[in-house]
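> Requesting a structural model of the entry that follows:
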Amino acid sequence: MTRIKSKYDLFRQKTQIILYGTNTVLGRLFDLVLLGLILLSVLLVMMDTVEGINQKYHTQLLICEWIITVFFTIEFILRVISIQKPVKYVFSFYGIIDLMAILPMYLSIFFPATNVLTIVRVLRFFRLFKILHIPQISQQSLQLREAMEASKEKILVFIYFVVISAIIIGSLMYVVEGKESGFTSIPMGIYWAIVTLTTVGYGDISPASPLGQFLASLVMIMGYGIIAVPTGIVTAEFAKSSLKNNSISTKKKCTKCNSQVHFDNAKYCYECGETLPDN
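Take a look at the predicted model:
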């Protein structure tokens, strides 16, 4: 016998279609409203930090923030109860971001300064990729993720090298320059080395002796490599990923729906199921 769905089951089903179904009218409308509220919330937090606006409209801004927070809270609860595996959503990338978007306001009840952390709601704009559902964007984001994962070991080794270099350089500058030039300790020297290696150059500490200036010149030259190396690593892996994806796909135009991107061994169109022509 077919089990008759209860009102709660029907509610969960309809809610899931609206929250997760980007191809439906209501789902698309909800996503647009959600993006609008995320943008409004970020703007409210930014405006609240402007002294003149905060003094005049703090109460109104706070009320608006709480209204948006309640909306996001209800949305989060509905997302949890509307799917079969709620734990999977809660600990997913989007689930963690959604939770982070609502926690700061509730924490601000006990720690008022934490309400400014609601700016993390801007991370929810990652949902834009899901809402747009453009294959080219999805493919590029997948390639970038693959490139980052493939290069993480190399980048970790490189960061390890940079940290060791900063410790050695900072210690040398402490010995060479001393307290007279602002290098009051080895940690202060390491701070200077990191600022110089990354080409930030605050200028709050600078070497005065010829030897110190010579070492600083070497560190500045090394700084250009510090920027170029991780960029080159990721770019190389991204290029490999692009070549790999291009090698497993080819353009087979479907005569029925005109869809063009398919796998080499595809026999049927993934959009309409029509038999594909052989190349």
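> Which of the three states applies to Gln84?
Following DSSP: H, G, I helix; E, B strand; the rest coil, we place Gln84 in the coil state.
> tally of neighbours for it?
Other residues within reach of Gln84 by the criterion other Cβ atoms under 10 Å amount to 8. C-beta: built from backbone N, CA, C; applies to glycine.
> confidence score at it?
Per-residue pLDDT puts Gln84 at 83.
> cool, and Cys64?
The predicted local distance difference test score for Cys64 is 91.
> Spit out the contact partners of it.
Leu40, Leu44 (Cβ atoms under 8 Å, 6 or more residues apart in numbering).
> again, 7 Å this time
Applying Cβ atoms under 7 Å, 6 or more residues apart in numbering to Cys64 gives the contacts Leu44.
> any idea how far it lies from Ile194?
Using Cβ to Cβ, to the nearest Å, Cys64 is found at 40 Å from Ile194.
> what bits of this structure have low per-residue confidence?
Filtered on pLDDT under 70, the chain yields the residue ranges 1-5, 21-22, 128-141, 241-273, 278-279.
> Could you chop it up by domain?
Per the TED database, the domain ranges recorded for the chain read 7-133, 140-246, 248-278.
> quick one, strands of this structure?
Along the chain, the segments classed as strands by DSSP state E run 249-251, 261-263.
> Quick check on Phe183: phi, psi?
Backbone dihedrals for Phe183, given as degrees, to the nearest 10, come out at phi -90, psi 80.
> Could you tell me how many residues sit around it?
The tally of other residues near Phe183 (other Cβ under 10 Å) stands at 25.
> Hmm, it is touching Glu177, no?
Yes: counting by Cβ atoms under 7 Å, Phe183 touches Glu177, with 4.5 Å between them.
> residues making contact with stretch 161-168?
With Cβ under 7 Å, 6+ apart as the test, stretch 161-168 has contacts from Ile190, Ala193, Ile194, Leu197, Ile226.
> Would you mind measuring from the nearest residue to the last one once chain neighbours are set aside to Ile63?
The shortest distance from Ile226 to any residue other than its chain neighbours is 5.2 Å, reached at Leu197 (Cβ to Cβ, 6 or more residues apart in numbering). Separation of Leu197 from Ile63 (Cβ to Cβ): 47 Å.
> Neighbour count: the two, which is higher?
Using other Cβ under 10 Å, the more surrounded residue of Leu197 and Ile63 is Leu197, with 21 against 11.
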